[in-house]
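Novice: Here is my input, please return the structure:
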Amino acid sequence: MQAKAAIANGTGSFSIETIDVHPPQRDELLVEIKAAGLCHTDFDSLSWGKQLIMGHEGAGIVRDVGPSVTRFQPGDAVILNWAIPCGQCFQCMEGNQHICEVNSPVTAGNKVSGGHATLSSTTLNGLPVERSFSLGTLSEYTLVREAAAVKIERDMPFASAAIVGCGVMTGYGSVVNAAKVKPGRSVVVLGTGGVGLNVIQGARIAGAGMIIAIDVNQNRLDMAQRYGATHLLLADRADDGLLQAAEKVRAMTNGRGADYAFECTAIPALGAAPLAMIRNAGVACQVSGIEQTIPIDMNLFEWDKIYINPLYGQCRPAIDMPILLNLYHKGDLILDDLVTRTYALTDLQTAFDDMLAGRNAKGVVTF
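Specialist: Predicted coordinates:
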């Protein structure tokens, strides 16, 4: 089967090409992609040094299944999950499916394909081509493992379903699974982009009493209020480490600091900023995946502060994604409005431009 797909060249650019998607083997599903969410990781993948089919957030319809598949059949609507558990390694057995030692593209040391790349199943000009995070959702069709899919049991827009598979899960899960925010407590969210807005949603759903959103973009802050922020703080770009903002947070929280703070900016210089926002024995959570070496003033840890760095909201796909879908259908989790704009695959460059300029809460490519 032939399909149009966005192909990164590994050196900073992409093109729309025709690929050949072969029939599913073993535990694979052939999925017709209906929507693919975009995030900064997709833009980063342009420069990963190799050719690949882009995209790691997606939803669509199963069109064919391999002989070992037991949980899906053609016609099933599915959300795709990039942290694919093997179910048998040490971390999976410990309940840490998001850091599977076999399949996770992060912990297995390969951000492109993870531990299960069936390269021969997808080809470009007759040669194997990898799928980003073993998904490659910026394609009309893709092949994924059965463990990478979660069934959508009730009708919902595919664009809304697609974004659950990364940004929504990361934000919500960082609050509920990782930091375990308690009802009535105070929360600070640094950065109100797509992930930050879902941290705010998670805090609201968890029953936080005060949710302070901090950003340098007033439009983003206005958006944050829609998703549950109770207080807005416009930061100064010249505020080194957001220490001035931290003083304002302390003034808003009885002089001691917030109970929890979440960094969602992906700016290395702000990696330690959540520590400045929390009280003694508070919890700081680095959500955005900063990987650079950064200096940290150890005074920020005084006293008894906890700093955590969870991956993907500690996602357990078969458990957490149905929870998110139930919250959506109850009206507690806002997804439809989170999709600011949809794009055709041929408009992918415009979608990236809008994302980098901060125009969207979430942009989605629809097929």
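Novice: Let me see the contact set for Ala179.
Specialist: With contact set as C-beta atoms under 8 Å, 6 or more residues apart in numbering, Ala179 has these partners: 260, 262, 283, 285, 308. C-beta: built from backbone N, CA, C; applies to glycine.
Novice: same thing with Val65?
Specialist: Shown in contact with Val65 (C-beta under 8 Å, 6+ apart): 24, 28-30, 72-74, 146.
Novice: Take these and keep only those in strands.
Specialist: 28-30 (DSSP state E).
Novice: Counting neighbours, which of these comes out on top?
Specialist: Leu29 (27 neighbours; other C-beta atoms under 10 Å).
Novice: Show the pLDDT at that one.
Specialist: As predicted, Leu29 sits at a pLDDT of 97.
Novice: Isn't it up against Leu143?
Specialist: Yes: at 7.0 Å, Leu29 counts as touching Leu143 under the criterion of C-beta atoms under 8 Å.
Novice: Pop out the phi and psi values for Phe158.
Specialist: Main-chain torsions, Phe158, degrees, to the nearest 10: phi -60, psi -30.
Novice: try the one 3 residues further on
Specialist: Geometry field for Ala161 lists phi and psi as phi -70, psi -40, criterion degrees, to the nearest 10.
Novice: from now on call the first residue 148
Specialist: Done: numbering now begins at 148, and the last item shifts to Ala308.
Novice: hmm, back to that, would you mind checking the contacts of Ala326 for buried ones?
Specialist: Among the contacts of Ala326, the ones that count as buried by 16 or more other C-beta atoms under 10 Å are 407, 409, 430, 432.
Novice: Number of residues surrounding Cys247?
Specialist: Cys247 has 25 neighbours, counted by other C-beta under 10 Å.
Novice: From Pro232, how far off is it?
Specialist: In this view, Cys247 and Pro232 are 5 Å apart by C-beta to C-beta, to the nearest Å.
Novice: Pull up the overlap in contacts between the two.
Specialist: Jointly contacting Cys247 and Pro232 under the rule C-beta under 8 Å, 6+ apart are Cys239.
Novice: The helix or strand containing Arg351 packs against which elements?
Specialist: Using DSSP states H and E, Arg351 sits in helix 341-353. Packing partners of helix 341-353 (3 or more C-beta pairs under 8 Å, 6 or more residues apart in numbering; DSSP states H and E): helix 314-320, strand 333-337, strand 357-362, helix 365-374, strand 405-410.
Novice: Switch these over to JSON lines; also include distance to Leu482 and mean pLDDT.
Specialist: Listed next are the helices and strands packed on helix 341-353 as JSON lines, based on distance: least, C-beta to C-beta, whole Å; pLDDT from 0 to 100:
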{"stretch": "helix 314-320", "distance to Leu482": "7", "mean pLDDT": "96"}
{"stretch": "strand 333-337", "distance to Leu482": "18", "mean pLDDT": "98"}
{"stretch": "strand 357-362", "distance to Leu482": "19", "mean pLDDT": "98"}
{"stretch": "helix 365-374", "distance to Leu482": "11", "mean pLDDT": "92"}
{"stretch": "strand 405-410", "distance to Leu482": "20", "mean pLDDT": "98"}
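Novice: quick one, what contacts Trp450?
Specialist: Counting by C-beta under 8 Å, 6+ apart, Trp450 touches 427-428.
Novice: To clarify, my last question referred to Ala405.
Specialist: 333-335, 357, 359, 396, 424-426, 429 are the contacts of Ala405 under C-beta under 8 Å, 6+ apart.
Novice: Check Val322 too.
Specialist: Counting by C-beta under 8 Å, 6+ apart, Val322 has contacts 328, 334, 346, 349-350, 353, 407, 409, 460.
Novice: Okay then, goodbye and thanks.
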